[in-house]
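Peer 1: The following block contains a protein sequence and its predicted model.
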Amino acid sequence: MRIGILQCGQSPEQLKGELGDYPEMFTRLLSGRGFQFDVYHVEEMQFPDDIHDADGWLLTGSRHGAYEDHAFIPPLEDLVRRIYAAGIPMVGICFGHQIIAQALGGKVIKHPRGWAVGAQDYDFGGKTVTLNAWHQDQVVALPPDAEVVGSNEFCQNAALVYGDRAFTVQAHPEFHDAFVQGLMDTRAKGVVPQPLLDRAAQRMGEPRDSDLLADRIETFFKMSRAAAEGAV
């Protein structure tokens with residue numbers, strides 16, 4: 001199954017050499033699951049020629065806000081709507097989660113309660129799932145077809161499903177602790193309150209459920225694609 005990675009941002013230059021850029025992180029997360037990957041750096045206005053160039057699409061994180069005025073955002077929203085209308089499965093992570101919601105009629109804001117950094121515990125249907133997070137923006141109003149499948153007290157709309165067409169998550173299953181620490185060292189100074197950084201540092205090394213999310217992403221892509229092919 002061919003997955004098109006829509007790269008919406010990039011890792012800090014100081015971290016790329018050792019820890020990789022976002023597409024490499026997702027390739028590692030989903031390795032050994034029968035996927036081939038093509039990368040389109042949409043932040044740099046590199047868009048696919050056709051929505052059928054991939055069997056599924058994955059939208060990455062970004063330092064940008066979905067509501068901000070950047071050249072790549074309007075065509076990306078249009079691409080999301082065309083992919084969605086065609087029933088080609090999409091997965092969105094962090095910014096990807098937000099831009100899919102916004103493109104389909106939801107609302108994203110810079111949340112007044114501030115940041116989530118490092119390990120966060122979410123309720124996925126009664127199961128506690130621990131993932132790394134790095135965000136201030138949140139989806140605060142859902143699109144018509146979205147259903148909440150993951151949440152916590154700070155982020156009510158932490159994971160959404162849109163039937164068999166999209167699965168999106170606010171947290172970062174692709175972020176290892178070393179990368180979160182790198183972000184804390186390169187992007188957090190004077191931006192993220194120190195108590196949140198201290199709390200994140202205290203939880204470094206705790207187990208994360210990234211593999212569980214990788215399983216869910218794999219299942220979503222393959223089952224959604226099978227359903228679409230069966231409907232033809």
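Peer 2: Done, it's in.
Peer 1: which residues of this structure fall in strands?
Peer 2: For the chain, strands defined by DSSP state E occupy the ranges 2-6, 36-40, 56-59, 90-93, 107-110, 116-124, 127-135, 137-141, 147-150, 159-162, 166-169.
Peer 1: tell me, what residue is most central in the chain?
Peer 2: A centroid search over the chain (CA atoms, centre = their mean) returns Ile93, at 0.4 Å, as the residue closest to the centre.
Peer 1: measure that residue to Thr60 for me?
Peer 2: 6 Å (CB to CB, to the nearest Å). The way it works is simple: take the backbone N, C-alpha and C, and place the C-beta from them, glycine included.
Peer 1: on that earlier part again, bridging across strands, which residues link to the residue nearest to the centre of the chain?
Peer 2: Val169 (DSSP bridges).
Peer 1: so who does Met25 touch?
Peer 2: By CB atoms under 8 Å, 6 or more residues apart in numbering, the residues touching Met25 are 11, 19, 174-175, 179.
Peer 1: give me the low-pLDDT residue ranges for the chain?
Peer 2: Within the chain, the ranges that satisfy pLDDT under 70 run 228-232.
Peer 1: hey, where'd the helices end up in it?
Peer 2: 13-19, 22-29, 73-86, 95-103, 177-186, 194-202, 210-231 (DSSP state H).
Peer 1: Of those helices, which stretch is the most buried?
Peer 2: With neighbours taken as mean count of other CB atoms under 10 Å, the helices of the chain reach their highest mean count in helix 95-103, at a mean of 27.
Peer 1: mind checking how far that one is from the chain centre?
Peer 2: How far helix 95-103 lies from its chain's middle: 9 Å, per CA atoms, centre = their mean, to the nearest Å.
Peer 1: Show residues contacting that helix.
Peer 2: With CB under 8 Å, 6+ apart as the test, helix 95-103 has contacts from 6, 8-9, 58-62, 64, 66-67, 73, 76-78, 80-81, 84, 90, 92, 107-108, 137-139, 142-143, 146, 157, 159-160, 162, 166, 168-170.
Peer 1: go with 7 Å
Peer 2: Residues external to helix 95-103 that are found in contact with it (CB atoms under 7 Å, 6 or more residues apart in numbering): 8-9, 59-62, 64, 66, 76-77, 80-81, 90, 92, 108, 137, 139, 142-143, 146, 160, 166, 168-170.
Peer 1: Ok, stretch 107-125 next?
Peer 2: 65-67, 98, 101-102, 128-141, 149-152, 154-155, 158-159, 171, 180, 192-193, 196-197, 199-200, 203, 206, 208.
Peer 1: Count the residues that sit near Pro144.
Peer 2: Counted by other CB atoms under 10 Å, the residues lying close to Pro144 total 8.
Peer 1: Now, of the contacts of stretch 107-125, which are buried?
Peer 2: Among the contacts of stretch 107-125, those buried by neighbour count (16 or more other CB atoms under 10 Å) are 65-66, 98, 101-102, 129-139, 149-152, 154-155, 158-159, 171, 180, 192, 196-197, 200, 203, 208.
Peer 1: sorry, back to before: who are the neighbours in contact with the residue nearest to the centre of the chain?
Peer 2: Contacts for Ile93 (CB under 7 Å, 6+ apart) come out as 59-61, 169, 172, 174.
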